[in-house]
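Trainee: I'll drop the sequence and a predicted model, then ask my questions.
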Amino acid sequence: MSRTEELLRSVVESAVDGIIVIDHGRGWTSLLIDVAPGVARGERVAAGALLGKALGDVGLELREAGQPRSPALIAGSSHLLSNRAK
């Protein structure tokens with residue numbers, strides 16, 4: 001399964017109190033902070049889906065197997081996350 005296909009299978013793990021947690025599978029999760037959820041727990045979300053409304057400066061944390069990872073480490077590994085010319 002490609003990474004893009006995995007992203008399309010992501011599931012909202014939690015969406016309360018300005019925090020959204022998305023389970024991408026294979027031990028990867030995203031934590032969005034200071035976002036009014038527009039999605040519900042258990043909902044499947046696709047890459048590029050609207051997840052909610054920013055309440056201020058939005059924070060993002062990526063975790064692999066529960067350990068924080070820098071978004072910069074993976075930004076160039078996917079056309080969905082990269083700003084590089086295609």
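Mentor: Structure received.

Trainee: Report the contact partners of the residue nearest to the spatial centre of the chain.
Mentor: The centre of the chain sits closest to Ser30, judged by CA atoms, centre = their mean, with a distance of 4.1 Å. Counting by CB atoms under 8 Å, 6 or more residues apart in numbering, Ser30 touches 20-22, 24, 60-63. In this view, the C-beta of every residue, glycine as well, is placed from N, C-alpha and C.

Trainee: most neighbours, which of those?
Mentor: Ile20 (25 neighbours; other CB atoms under 10 Å).

Trainee: That one is in contact with Ala36, isn't it?
Mentor: No - using CB atoms under 8 Å as the test, Ile20 is too far from Ala36 to be in contact (9.3 Å).

Trainee: shared neighbours of these two, which are they?
Mentor: Taking CB under 8 Å, 6+ apart as the contact criterion, the common neighbours of Ile20 and Ala36 are Gly52.

Trainee: For the residue nearest to the centre of the chain, name its beta-bridge partners.
Mentor: Ile22, Leu62 (DSSP bridges).
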